[in-house]
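# Just need the structure, nothing else, for what follows:
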Amino acid sequence: YDHRYAATGNVQAQVGMAGGDDVDAAVSAARDAQPRWAALPPLKRATVLFCLADLLERHGPEEAELAALDNGTPVSIMNPGFYAAAWVRYYAGWCDKLDGEMMSAEPGLSYVRLEPYGVVAVIPPWNGSMMGMGQKCGPALAAGNTVVAKPPEVSPFGMVRFAELAVEAGLPEGVLNVVVGGATTGAALVGHPGVDKISFTGGGATARTLMENAAANLTPMALELGGKSPNIVFPDADLDTVAMSARFG
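Take a look at the predicted model:
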């Protein structure tokens, strides 16, 4: 895929697109790694995630530049590493707090046991892919799941960098897998029988298609859908204020 820089329209990188075999390999790697990752003591999982958060913060300037290359986000207003780190750090703190519940019941004993789903497919949005990784991968990994993430081909750099830093932080092989691609890759991922949960952020029309693909395996989905936050500008508005509101909104 010819990735174009938003400021000039010029091709700046060739992006490899994952096919069905790549998705199969990623899901297989995630399934193989999941029992070992879930079996780690919670504090060890937390240590890796806290380290990842530190690395995300440390590489903040580079990540802001990657966001600009990804989708044209100005470096002056976006610090994706900081926000991604905040999400990862928050969920790292939950690693040792996901306890079950004991309930007395006569004549026996009842209890609730919390278990990870298994393999979680995450599809963050094009306009905030690194932050989306923090939002989606943070809770999934903290709970003992493994992840297959699909960056959109139009803005893959932040998500790929997130995964590289996760490896540097000590995340075991196969725990976080990345398959870059468009609609074909997304359909193969959400329709894969080895996926146990799906988290998608995007548009409603795409969500309907993904739900159809996931329905064959009854795979549960978490959806955050766009088209809900228009800017309504009245004739008497101060246009400088309007521009700043749209920019930061």
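# Show me where this protein dips below the pLDDT cut-off.
105, 227-228, 249 (pLDDT under 70).
# isn't residue 63 right up against residue 159?
No - the pair residue 63 / residue 159 is not scored as a contact, 11.0 Å apart, by Cβ atoms under 8 Å. Every residue, glycine included, has its C-beta placed from N, CA and C.
# shared neighbours, these two?
Residues touching both residue 63 and residue 159 by Cβ atoms under 8 Å, 6 or more residues apart in numbering: residue 130.
# Of those two, give the one with the bigger neighbour count.
residue 63 (29 against 26; other Cβ atoms under 10 Å).
# Secondary structure element holding residue 134?
helix 129-142 (DSSP states H and E).
# Distance from the chain centre to that helix, please.
4 Å (Cα atoms, centre = their mean, to the nearest Å).
# Sheet-wise, list the partners of the following helix or strand past that helix with their directions.
Using DSSP H and E, the helix or strand that directly follows helix 129-142 along the chain is strand 146-149. In the sheet, strand 146-149 lines up against strand 119-123 (parallel), strand 176-178 (parallel) (DSSP bridges).
# Using CSV, write out the CA atom coordinates for stretch 171-180.
This file holds the C-alpha atoms of stretch 171-180, laid out as CSV (Å, rounded to 0.1, in the frame of the first residue of the first chain):
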residue,chain,number,x,y,z
LEU,A,171,6.2,-8.7,26.6
PRO,A,172,6.6,-12.4,25.7
GLU,A,173,6.5,-13.5,22.1
GLY,A,174,3.1,-14.0,20.7
VAL,A,175,1.3,-12.0,23.3
LEU,A,176,0.8,-9.0,21.1
ASN,A,177,0.6,-9.5,17.3
VAL,A,178,0.1,-6.8,14.6
VAL,A,179,-1.5,-7.4,11.1
VAL,A,180,-1.7,-4.2,9.0
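# That one: which residues count as buried?
Counting neighbours by 16 or more other Cβ atoms under 10 Å, one finds that the buried residues in stretch 171-180 are 171, 174-180.
# quick one: which of those residues is nearest to residue 139?
residue 176 (13.2 Å; Cβ to Cβ).
# For the protein, which segments are assigned as helices?
20-39, 42-58, 60-71, 80-92, 129-142, 157-168, 183-190, 204-215, 239-248 (DSSP state H).
# For residue 117, which of those helices is the nearest?
Using Cβ to Cβ, the helices of the chain put helix 129-142 closest to residue 117, at 8.0 Å.
# Mind giving me the packing neighbours of the closest one?
helix 42-58, helix 60-71, helix 80-92, strand 119-123, strand 146-149, helix 157-168, strand 197-202 (3 or more Cβ pairs under 8 Å, 6 or more residues apart in numbering; DSSP states H and E).
# one more time with 6 Å
helix 80-92, helix 157-168 (3 or more Cβ pairs under 6 Å, 6 or more residues apart in numbering; DSSP states H and E).
# Determine which of those approaches residue 2 most closely.
Using Cβ to Cβ, the nearest of the helices and strands packed on helix 129-142 to residue 2 is helix 157-168, at 14.3 Å.
# Quick check: buried residues in the closest one?
157-163, 165-166.
# Now tell me what touches it from outside.
52, 55, 66-67, 69-70, 80, 129-130, 133, 151, 176, 178 (Cβ atoms under 6 Å, 6 or more residues apart in numbering).
# Recalculate using a threshold of 8 Å.
13, 52, 55-56, 59, 62-63, 66-67, 69-70, 80, 84, 124, 129-130, 132-134, 137, 149, 151, 175-178, 180.
# Excluding covalently adjacent residues, which one is nearest to the residue most central in space within the chain?
For the chain, residue 133 is the residue whose C-alpha lies nearest the centre (Cα atoms, centre = their mean; 2.9 Å). Nearest residue to residue 133 in three dimensions, chain neighbours excluded: residue 162, at 4.3 Å (Cβ to Cβ, 6 or more residues apart in numbering).
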